[in-house]
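>>> Fold the following, please.
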Amino acid sequence: MSRSIPTRPRRAPKSTLSFAIVASQYNQKFTQALVDNAHRELRLLEPGATVSLISAPGSYEIPLMVQAVAALERYQAILAIGVLIRGETAHASLVADAVTTALMEISLANRIPVIHGVLLVENEDQARERCLEGEHNRGVEAARAAVSAARALRDIK
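Predicted structure coming up:
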C-alpha cells in the first residue's frame, strides 16, 4: 500500500460545489468508515457544499447508481465507495474489474469526476488499515481527489 496521500487542497471560503457519495452497503463496517471520513473531509474543504449519500446494495451495483446520479447533472463530482475482500474464488476480482471499467466509462461519458474508492483488499486487516485508521484513510483520499478534480474541471470550463 502506498503510504502517500494527496496533499490537502486549500479550504474554500464559500462553496458552490455539490458532491454525491455512492456507497455499497456490503462490508458496512468498512464502507461506513470510508463514507464518514470522506464526508468530514468534504465539509472541511468545501464548507457549505451539498453532499448527498446514495446507497447501493453492493459494489457491483455502484456503477448503475453512479450513472443515475451523473444523469441528474446536479453534482460536480461523485465518490464511489465500496470494499471488496478477496476470497477463495475469482468473484471479488471480477467485480472489481467490472466496477473499475464502468466508473471510468461513466466519468468520461458524462464529463464528471467519478472518484474510484472501491477497494479490493486481500483480507480484513488490509481493510481495517485503509478504512478504519486515520493516517492513510482512503475516504479522506477520495474526498481530496473529488474536490481537486471538481475545482480543476470548473476552472477549465
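>>> ok, and the closest non-adjacent residue to residue 55?
Distance criterion CB to CB, 6 or more residues apart in numbering; nearest residue to residue 55, sequence neighbours excluded, is residue 25 at 5.5 Å. Every residue, glycine included, has its C-beta placed from N, CA and C.
>>> ok, that neighbour - how many residues close by?
Neighbour count for residue 25, taken as other CB atoms under 10 Å: 14.
>>> After the helix or strand of the chain with the lowest mean pLDDT, which helix or strand is next? Please name it.
Of the helices and strands making up the chain, the lowest-confidence element is helix 124-131, at a mean of 91, by mean pLDDT, DSSP states H and E. Using DSSP states H and E, the helix or strand that follows helix 124-131 in sequence is helix 138-156.
>>> For the residue nearest to residue 55, which residues are in contact?
By CB atoms under 8 Å, 6 or more residues apart in numbering, the contact set of residue 25 is 31, 55-58.
>>> Try it again at 7 Å.
Going by CB atoms under 7 Å, 6 or more residues apart in numbering, residue 25 touches 55-57.
>>> Of those residues, keep whichever come out buried.
Among those, those buried by neighbour count (16 or more other CB atoms under 10 Å) are residue 56.
>>> Same list as before, the contacts of residue 25 that is, but in a markdown table and with distance to residue 106, secondary structure and pLDDT included.
Listed next are the contacts of residue 25 as a markdown table, based on distance: CB to CB, whole Å; DSSP: H, G, I helix; E, B strand; the rest coil; pLDDT from 0 to 100:
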| residue | distance to residue 106 | secondary structure | pLDDT |
| --- | --- | --- | --- |
| 55 | 18 | strand | 97 |
| 56 | 13 | strand | 98 |
| 57 | 18 | coil | 97 |
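>>> returning to what we had before: relative to helix 138-156, how tilted is the least confident helix or strand of the chain?
40 degrees (axes from the mean of the first three to the mean of the last three CA atoms, to 10 degrees).
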